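K.L.:
make a model of this:
(3 chains)
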Amino acid sequence: MSDYRIEGQTGDWEVVIGLEIHAQVISNAKLFSSAPTAFGAAANTQVSLVDAAMPGMLPVINGECVRQAVRTGLALGAEINLYSVFDRKNYFYPDLPPGYQISQFSQPIVGAGKVEIDLESGETVEIGVTRLHLEMDAGKSIHDMRPDATFVDLNRSGVALMEIVSEPDIRSPEEAGAYVRKIRSIVRYIGSCDGNMEEGSLRCDVNVSVRKPGEPLGTRCEIKNVNSVRFVMKALEYESERQVEILEDGGEIAQEPRLFDANQGVTRPMRSKEEAHDYRYFPDPDLLPLKLDADWVEELRVALPELPDAKKHRFMDEFGLGADDAGVLISEKETAEYFEQVAAGRDAKLAANWVTGELFGALNTAGLEISASPVSAEKLGGLVDRVADKTLSRRIAKEVFEIMFESGQDADAIIEERGLKQVSDSGAIDAVVDQIIADNPNKVAEYKGGKDKLIGWFVGQMMKASQGKANPQMANEAMKKKLDG
Amino acid sequence: MAIDKATVLRIAKLARIEVADEATDGLADELNAIMAWVEQLSEVDTEGVEPMTSVVDITPPLRSDTVEAVAPRDDILANAPNAEDGFFVVPKVVE
Amino acid sequence: MSALTDLTIAGARAALEKRECSARELAEAHIAAAEAARHLNAFVAETFDLALGQADASDKRLAAGEGGLLEGMPLAIKDLYCTKGVHSAACSHILDGFKPPYESTVTANLWREGAVMLGKANMDEFAMGSANVTSYYGNVINPWQREGDNKPLVPGGSSGGSAAAVAARIALAATGTDTGGSIRQPAAFCGLVGLKPTYGRCSRWGIIAFASSLDQAGPLTRSVEDAALMLQVMASYDAKDSTSVDVPVPDYAAALSGEVKGLRVGVPAEYRLDGMPEEIEALWRQGIDWYRDAGAEIVDISLPHTKYSLPTYYIVAPAECSSNLARYDGVRYGLREEDSDLTQMYERTRAKGFGAEVQRRIMIGTYVLSAGYYDAYYLKAQKLRTLIARDFQQAWEKVDVVLTPTAPSAAFAIGEKMDDPIAMYLNDVFTVPASMAGLPGISVPAGLSAEGLPLGLQLIGQPFDEARMLNAARFMEIAADFTARPAGASGGAA
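P.N.:
The predicted structure is shown next:
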């Protein structure tokens, strides 16, 4: 149980949160038509006759969307309903051409499941998933092209969405953020949704209410269409405070849809004067109930890739990584794959240090995703090899990494080109030792007179003379041998 | 009866059909007559009967995830009462 | 009247084959007849130029020996079918000016086999009606008249324009659609054969939806053989319609032996209604006798939930229509009543665009689906539907076809039954049960009323068993030898 509390004047308040995540299914074509789903096309150029709800047009279910919904359900550890029904949710809106959204109401394709989230405190919390259902997206209404009119683009109309509904098990903004990240990570792992929140392929409706611990649930508000993890958390912080203030002032919470204003950091009620909704759900008579084959579902289950939690535990067991490093490395499928490539046949801890240290730092500074990293896993692996075999000192290796990140060259080419190779040839080292002894007779005398500590000064001179390339350990040994000999 | 004037107005609002005030009484009477007539269904015991979802007992076909040529934008907009710059245009909506 | 307009499809095909006439002559004869019969208001859009172009193309294909099954056959197409670039408005004001950029699957099938479109046939608005008095384009007049009375009669509905056109010999055949009887009842009122196939037999793609779980396309023709030929072409599996059923389309015409010896004909007790006109009862008895005399086995059956079919229909169909007609919102096509407020625009557009009956059904449908009423009405009706379908399933263990009257009366005059919606709904009392169960049905003209108006008998068949049902209909056609013709077909009568 989370101990997150809003401190009010009348005592502590607990926050109760449930999330509805809309995740766009990765598919070529829409849920009920053969129009493309690509993002960013010119208005109304990706619209089939079905998507525009032309008279007499009929929906036909895209099998790939069904497959992805089932895989997602399986990845959420959820029950797959072999019999499910598409319903019509009836309401009027200009970007909803048929006057109803085809969705799943009483018999969704996926039933109850659960996910585990990891918190900063190291605690793991289980969040229940109520259901997942398939539904079609609406088009887009653009309100700012003219003051007196709304413009409607139907390109998104009919794109397949999975609505993933959580139980009201979430108790803090941190948990909410972790939950969204976890769902996003899972759908990206299995490739059912690209998780791109900026383009809206994953967005959240956030339900929140507050109560005194142990009391029954309070009235909730729904914050619609929040499109980043950070905003989910910010919106929750604001909204829960707002509700506590109202309640402590003796007010009541209006059950209403609200929007999060990211600029002001506040939530406000949607301005449309919506009369009470009555969606009049009923089974879509154009679509027959969906029947799935249990063997087919089993095949999908078996074929699922390794999921984030399993991968995390494997990284800990197989590579001896700590929970923190493992957690960071598995959060994105691409990161995990990158890391595994670097770690393959190498010292995994060393590999993890380089990925989470230098690489993440550089990517972060450059504002790049790992998929766009100028240093490939293969090249980073090459650098780690040169560190492991002592060709490079740690300091020089960092320099090499920086050059790699700039130029995209591989480590050996950089070492060769710039002559950065650590000098481990005893003949060469001995020659430098002799030179330094010859050049500094007074220091030699002091050393021999008992000032043992001067060894450090001698080694420093060596590194200087070799421009840092001399293997420090060999330099130390060779110098000592000569001076003591 | 079940359908009073307020109910008529509520249904009309849901259905987005403007009903003149003076028409509501007549409409309520008509709807009530029809509902009274269908009321006879309540005399049938339907305990344990599955509601019909379709008269055809087949598994629905699933379409392959293949993009086909979409209708040209001109076709999509050709019948629109108001279109501009490739968009459908409607009275201003407040969100 | 030219002899060319008296032909059946089968006869016209033979005439074209023997070069007794050309497709162009056939089209021209029908166009002339249509022009002479405009007072019937059968067409809401005439496509005569298109027809002549198609006929010329047919003549070329015929000359090349490449004629299709319906090559050169001039047809009337119900306005509910979307026809590319041609007026397709479901006879509603709300679809003003709509010209679809696509062709319905069924009409595409017809054109592929060489059929010719004379025009779009009048109908009840959105197929809601049983008398063709709800069309935005005005009433259709039945070419039949009562003996000694020239009061205009309704052609039945909703496929009233289709029926009037075929009965008046201004189209060789027509397409209709049947949701609760909209092909069979007008066929009975106009002395025609009207066939509603099994739900799922003809694609619904491109046919403007009224009630999706019930709507089926079908033909209106002047003979059973023509119905078989039309169905042959109209029926197909269509992957674009999820409710289309992938079963082969048999050669329906080949099955028409007219032999019914051993056929088990069911006679349902529940179709004997109180207050049913004696002449309808008598005709039904006559039909039973025909079959019995020909060696068919007459089996008394019970379809206990028959009386609930109509009220069930009047929940299910309005519920579906309230949702299906939500797309007519003034945004993408059709009528729009401008307003600066979106909701006002919607409400004014839909109030002006939909006629009274359509509005009534949308309201009923909205009500029965609304919160608090869904279980009591919609869910209850869907359970009743299961029971109605089950009645038939049990009957099929004992019989091959069911024989009933098609309608409880002959055609009535325009103006009659108009103020009471329920009285109008009762027209479909015999046709709705088969619709609720998704079964094929066919109306065959079987006799005349005392007033000289056609009366039909209905055969209901097993799912996808149209071939056997058509053969039973062919037998009845021979037995009834219905040769009467409407008096009011040519111009000037009204």
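K.L.:
is the residue in the stretch 301-450 of chain C positioned nearest to chain A in a helix, a strand, or coil?
P.N.:
Closest to chain A within the stretch 301-450 of chain C is residue C:326: 2.4 Å, counting by Cβ to the nearest Cβ. No exception for glycine: its C-beta is placed from N, CA and C like everyone else's. Put simply, residue C:326 is helix when judged by DSSP: H, G, I helix; E, B strand; the rest coil.
K.L.:
wait, isn't it in contact with residue A:100?
P.N.:
Yes - between residue C:326 and residue A:100 there is a contact under Cβ atoms under 8 Å: 6.0 Å.
K.L.:
overlap in contacts of these two?
P.N.:
Counting by Cβ atoms under 8 Å, 6 or more residues apart in numbering or on different chains, the shared contacts of residue C:326 and residue A:100 are residue A:90.
K.L.:
for chain B, just list every one of the strands.
P.N.:
B:83-84, B:87-91 (DSSP state E).
K.L.:
can you list the strands that the first one pairs with?
P.N.:
Strand B:83-84 has these partner strands in its sheet, going by DSSP bridges: strand B:87-91 (antiparallel).
K.L.:
quick one on the thing from earlier: and the strands of chain B, which is most packed in?
P.N.:
Counting by mean count of other Cβ atoms under 10 Å in any protein chain shown, strand B:87-91 has the highest mean neighbour count of the strands of chain B, with a mean of 23.
K.L.:
measure stretch B:71-88 end to end?
P.N.:
Using Cα to Cα, to the nearest Å, the end-to-end distance of stretch B:71-88 comes out at 15 Å.
K.L.:
what mean pLDDT does that stretch get?
P.N.:
Stretch B:71-88 comes out with an average pLDDT of 96.
K.L.:
neighbours of residue A:464, how many?
P.N.:
11 (other Cβ atoms under 10 Å in any protein chain shown).
K.L.:
and what about it, helix, strand or coil?
P.N.:
Residue A:464 ends up helix, using three-state DSSP.
K.L.:
low-confidence ranges in the chain?
P.N.:
In the absence of a named chain, chain A is used. Across chain A, the ranges flagged by pLDDT under 70 are A:1, A:271-276.
K.L.:
oops, wrong one, chain C.
P.N.:
Ranges of chain C meeting pLDDT under 70: C:1-2, C:489-494.
K.L.:
any idea which helix or strand comes after the strand or helix carrying residue C:383?
P.N.:
In the assignment (DSSP states H and E), residue C:383 maps to helix C:380-395. Note on helix C:380-395: by DSSP H and E, the next helix or strand toward the C-terminus is strand C:401-405.
K.L.:
now residue A:400: which helix or strand?
P.N.:
According to DSSP H and E, residue A:400 maps onto helix A:394-407.
K.L.:
contacts for that helix next, please.
P.N.:
Under Cβ under 8 Å, 6+ apart, the answer for helix A:394-407 is A:354, A:358, A:362, A:366, A:374-375, A:379-380, A:383, A:386-387, A:392, A:409-411, A:414-415, A:418, A:420, A:422, A:468-469.
K.L.:
what subset of the residues you listed is buried?
P.N.:
A:354, A:358, A:362, A:375, A:379-380, A:383, A:386-387, A:392, A:409-411, A:414-415, A:420, A:422, A:468-469 (16 or more other Cβ atoms under 10 Å in any protein chain shown).
K.L.:
next step: these restricted to strands.
P.N.:
Among the buried ones among the contacts of helix A:394-407, no member lies in strands (by DSSP E).
K.L.:
so which of those residues belong to helices?
P.N.:
A:354, A:362, A:379-380, A:383, A:386-387, A:411, A:414-415 (DSSP state H).
K.L.:
export those residues to JSON lines and tack on distance to chain B?
P.N.:
Putting those into JSON lines (distance: Cβ to the nearest Cβ, whole Å) gives the following:
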{"residue": "A:354", "distance to chain B": "40"}
{"residue": "A:362", "distance to chain B": "38"}
{"residue": "A:379", "distance to chain B": "36"}
{"residue": "A:380", "distance to chain B": "36"}
{"residue": "A:383", "distance to chain B": "41"}
{"residue": "A:386", "distance to chain B": "46"}
{"residue": "A:387", "distance to chain B": "46"}
{"residue": "A:411", "distance to chain B": "42"}
{"residue": "A:414", "distance to chain B": "45"}
{"residue": "A:415", "distance to chain B": "48"}
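K.L.:
which two among these are spaced furthest apart?
P.N.:
Pairwise distances among these were taken by Cβ to Cβ; the largest, 18.8 Å, belongs to A:362 and A:415.
K.L.:
burial of residue 264, as a residue count?
P.N.:
Since you didn't name a chain, this refers to chain A. Around residue A:264 there are 9 residues (other Cβ under 10 Å).
K.L.:
chain C is the one I meant
P.N.:
With other Cβ under 10 Å as criterion, residue C:264 counts 18.
K.L.:
next: residue C:188.
P.N.:
Residues contacting residue C:188 under the criterion other Cβ under 10 Å number 33.
K.L.:
for it, grab phi and psi.
P.N.:
Here is the backbone geometry of residue C:188 (degrees, to the nearest 10): phi -60, psi -40.
K.L.:
separation between it and residue C:472?
P.N.:
Between residue C:188 and residue C:472 the computed distance is 17 Å (Cβ to Cβ, to the nearest Å).
K.L.:
list the contacts of the helix or strand hosting residue A:236.
P.N.:
Residue A:236 is part of helix A:229-248 when elements are defined by DSSP H and E. Residues from elsewhere that reach helix A:229-248 (Cβ under 8 Å, 6+ apart): A:6, A:8-10, A:13, A:15, A:17, A:19, A:173-174, A:176-177, A:180-181, A:184, A:197, A:204, A:206, A:208-210, A:218, A:221, A:223, A:226, A:252-253, A:258, A:260, A:262, A:265-267.
K.L.:
which of those are buried?
P.N.:
By neighbour count, with 16+ other Cβ under 10 Å, the contacts of helix A:229-248 hold A:6, A:13, A:15, A:17, A:19, A:173-174, A:176-177, A:180-181, A:184, A:197, A:204, A:206, A:208-210, A:218, A:221, A:223, A:226, A:253, A:258, A:260, A:267 as buried.
K.L.:
please flag which of these sit within helices.
P.N.:
Using DSSP H, the members of the buried ones among the contacts of helix A:229-248 that fall within helices are A:173-174, A:176-177, A:180-181, A:184.
K.L.:
helices of chain B, residue ranges please.
P.N.:
Along chain B, counting by DSSP H, helices occupy B:5-14, B:24-38, B:73-77.
K.L.:
switch those helices over to TSV; also include mean neighbour count and distance to residue C:260.
P.N.:
Shown next, in TSV, are those (neighbours: other Cβ atoms under 10 Å in any protein chain shown; distance: least, Cβ to Cβ, whole Å):
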stretch	mean neighbour count	distance to residue C:260
helix B:5-14	19	50
helix B:24-38	17	38
helix B:73-77	18	50
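K.L.:
give the buried residues for the helix holding residue A:236.
P.N.:
Across helix A:229-248, burial judged by 16+ other Cβ under 10 Å covers A:229, A:231-244, A:247.
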